[in-house]
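>>> predicted model and sequence below, questions to follow.
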Amino acid sequence: MQRHFTATAFVINSKNQCLLMWHKRLQRWMPPGGHVDENETPEETAKRECKEETGMDVEIIGDNQPDLFTGNPQEGRMLKKPIAMLLEEIPESKERSEPAHQHMDFLFIAKPLDENQVLTLEKTEGSDMRWFSRSDIEKLDDSTEIFANVKEYVLKTLRG
């Protein structure tokens, strides 16, 4: 089975809300994300996809981890640590001429660089976009409105 690297950003604002868009093809509320381009790190992908899909510039937040390159920066740098890494089953899409495949998805938490940014929904990807509170997410049906794993990660990410 073919596998693709992808990255997703759960954007959380200062009001403890998560930005989701209604994904046209998947017919579910989803965070911004997409395929990792050649020569791009997963965190760069998550930032790019946020900008492309929502118009928002974000900072990717990573878990704290020791810097293994302290004293030897010429050897490399630390990447942001995702909150999770998933292997997702993607069904065949006849309209996109895509066979069934898998996504190796890096999940990140992000925050807006400026909360006054104007949001601009990418109309080819989504038909609606809005900020959701924890109680808004809890009310969504995970069989028709949001995927169960997305709901779980949004709730995990939002402070309770």
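Okay, I see it. Note that the coordinates shown come from a computational prediction; the quantities given were computed from them, not determined experimentally.

>>> can I assume Arg130 sits in a strand?
Yes. Counting by DSSP: H, G, I helix; E, B strand; the rest coil, one finds Arg130 located in a strand.

>>> quickly note the distance from it to Phe108.
Counting by C-beta to C-beta, to the nearest Å, the separation of Arg130 from Phe108 is 20 Å. The way it works is simple: take the backbone N, C-alpha and C, and place the C-beta from them, glycine included.

>>> more neighbours, those two?
Taking other C-beta atoms under 10 Å, Arg130 and Phe108 do not tie; Phe108 has more neighbours (28 against 14).

>>> isn't the more buried one right next to Ile61, touching?
Yes. The pair Phe108 and Ile61 passes the contact test of C-beta atoms under 8 Å, sitting 7.1 Å apart.

>>> joint contacts of those two?
With contacts defined as C-beta atoms under 8 Å, 6 or more residues apart in numbering, the residues shared by Phe108 and Ile61 are Lys80.

>>> and the single longest helix found in the chain, what does it pack onto?
In the chain, taking DSSP state H as the definition, the longest helix is helix 42-54. In terms of contacts (3 or more C-beta pairs under 8 Å, 6 or more residues apart in numbering; DSSP states H and E), helix 42-54 is packed against strand 3-11, strand 18-23, strand 33-35, strand 58-61, strand 101-112.
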